[in-house]
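>>> Sharing a model prediction with you, sequence too.
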Amino acid sequence: MNLQPTVLIVDDEKHTRDGLRTLLENDYDVYVAPDITGAMNVLEREQIDVLLTDLRLGSEDGMTLIDRALKMPRPPTCIMMTAYGSVEVAVEAMKRGAYDVVTKPLNLVKVELLIARAVRGRTLEQENRALREQIDERYGLENIWGDSAALHEVLDTIRQVAPSSANVLIEGESGTGKELAAHAIHNLSRRNKAKFVAVHCAALSPQLLESELFGHEKGAFTGAYERRIGRFEQANGGTIFLDEIAEIDTSTQVKLLRVMSEGRAFERVGGNQTLHADVRIIAATNKNLEQMVREGKFRDDLYFRLNVVRITMPPLRERKEDIPILVRGFLRHFCAADNKPLVDLTPDAMDALLTYDWPGNVRELRTAIEHGVVMATGPKITLRDLPMAVRQSARAKLPGGISAQAFGEKTRPLDLHETEKKLIAQALAATNGNVTAAAKKLGISRRTLHRKINEMNAASAEANIKDHRT
């Protein structure tokens, strides 16, 4: 693996190749070739960052080499050398995709600077590409996990609204993924090459929020020692996400309404110059804005401008069929982050996750899985590895301490087993053998009850075999 940037020098004159190699080899991994055939052999074998080629390669043409090099899966940055320093040659080379053109006899200092600049630009481009891929991976629809009907409805709406310029209001409880949905809308929109700028409205006082949104001029208020560019200006061409929009005060509501009704026009605090920003507005709230409008706590005209398209993120308790999918995704993430082998959950642990109401929604589930990965000492996350709230909820829904040992309590296994058997037998007797009704009476799922019955039947059969042998 190359630790230094790579440069390929192509020239049919040996002294030129050797001279450039001597000049560059301390800072770059340098390859040389006398013609197009040799150059293509290197390009197909090595990952070249910069191609420095002469225009005349004997009977061949350096333009042809540039054409072929730029069609490769990861093309190099191409620089043309020529003794024919005409404007026409330079223009033609740039049209073909050359980064720059240098004339012979070569100014070696200029060549060094040009290659260094080309490498810096290439490195920056690669870093930007990697960052975009990370952002897409984090915020793309493929990482809004789940297969429930409620989630599919949300995803369909996101796909439908994203290409438009319409304002979007995202409602939902805390932890349901409102910001994730906002990022997905931005990334699927025509604005995805520009910025996504998030503002958490509840975290700032009214004066600070106004400055945060619209910026301020130097001296606008005490502590304003220099001009500040606001979030609307920063998001020009992209998307601004106003999280917890219900928390903004009346005066800021008025200013925001003006921005939305007058073509995104605003002034910085303490300024008198009218500015414009081409931004799409996505707002989010965990409160009922419609109710706040009725109560006079939120302006109805602002509400209607924000609420062009409304998306309601379902709470996790209403899409519990998505929990196993979410759990698998979080397990992969946290096991990789902690360099642990991919673990699984015991049936009791998964049952506890499925029966818990998740007041903190997906965010709480994510934290619970991280807790489990950290606390697990074996190949599986057990009930005792989950957070206390999940364990207590599971215990409350399993009457009589059916799984007390799983909670880490010091209980004799025989007592646990017998108690569990008695409770299940009593429930089945009370419901005339109806497994569904018995499971409901015990506060566990039908699947869990079936599993426990099968386990007890298997244990009973094994005990009978042992008795028969003795």
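The structure has been received and is ready for your questions. Numbering: from 1, shown residues only.

>>> and residue 69, how far is that from residue 31?
Going from residue 69 to residue 31 by Cβ to Cβ, to the nearest Å gives 13 Å. (Glycine included, C-beta is placed from N, CA and C.)

>>> Residue 221 too?
Counting by Cβ to Cβ - residue 221 and residue 31 are separated by 60 Å.

>>> And for residue 176?
Distance, residue 176 to residue 31, using Cβ to Cβ: 54 Å.

>>> which one of those two has more residues nearby?
Taking neighbours as other Cβ atoms under 10 Å, residue 176 and residue 31 compare with residue 176 leading, 26 against 21.

>>> How is the more buried one assigned, secondary-structure-wise?
coil (DSSP: H, G, I helix; E, B strand; the rest coil).

>>> Distance of the residue nearest to residue 190 when sequence neighbours are not counted relative to residue 152?
The shortest distance from residue 190 to any non-neighbouring residue, by Cβ to Cβ, 6 or more residues apart in numbering, is to residue 163 (6.6 Å). Note on residue 163: its distance to residue 152, by Cβ to Cβ, is 19 Å.

>>> now the strands for the stretch 251-400 of the chain?
Taking DSSP state E, counting those that start in this stretch, the strands of the stretch 251-400 of the chain run over residues 265-266, 275-276, 280-285, 309-312, 344-345, 380-381.

>>> and those as TSV, adding mean neighbour count?
Formatted as TSV, the strands of the stretch 251-400 of the chain follow (neighbours: other Cβ atoms under 10 Å):
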stretch	mean neighbour count
strand 265-266	18
strand 275-276	16
strand 280-285	26
strand 309-312	17
strand 344-345	18
strand 380-381	20
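
>>> Next up, the contacts around the nearest residue to residue 379 once chain neighbours are set aside.
Among residues not flanking residue 379 along the chain, residue 343 sits closest, at 6.1 Å (Cβ to Cβ, 6+ apart). Residue 343 sits next to 331, 335, 372, 373, 376, 379, 380, 381 when contact means Cβ atoms under 8 Å, 6 or more residues apart in numbering.

>>> Now, of these, which are buried?
By neighbour count, with 16 or more other Cβ atoms under 10 Å, the contacts of residue 343 hold 331, 335, 372, 373, 376, 381 as buried.

>>> List just the nearest of those residues to residue 21.
Relative to residue 21, the closest of those is residue 335; by Cβ to Cβ it sits at 47.3 Å.

>>> Pretty sure that closest one sits against residue 341.
Yes - because the distance of 6.9 Å satisfies Cβ atoms under 8 Å, residue 335 is recorded as touching residue 341.

>>> what comes up buried for stretch 107-120?
Neighbour counts over stretch 107-120 (16+ other Cβ under 10 Å) mark 111, 114, 115, 118, 119 as buried.

>>> my guess is residue 158 contacts residue 186, does it?
No - using Cβ under 8 Å, residue 158 is not in contact with residue 186, being 10.3 Å away.

>>> Neighbour count: those two, which is higher?
Per other Cβ under 10 Å, whichever of residue 158 and residue 186 has more neighbours is residue 186, with 24 against 21.

>>> before we move on, which element is that one in?
Element membership of residue 186 [criterion: DSSP states H and E] is helix 178-187.
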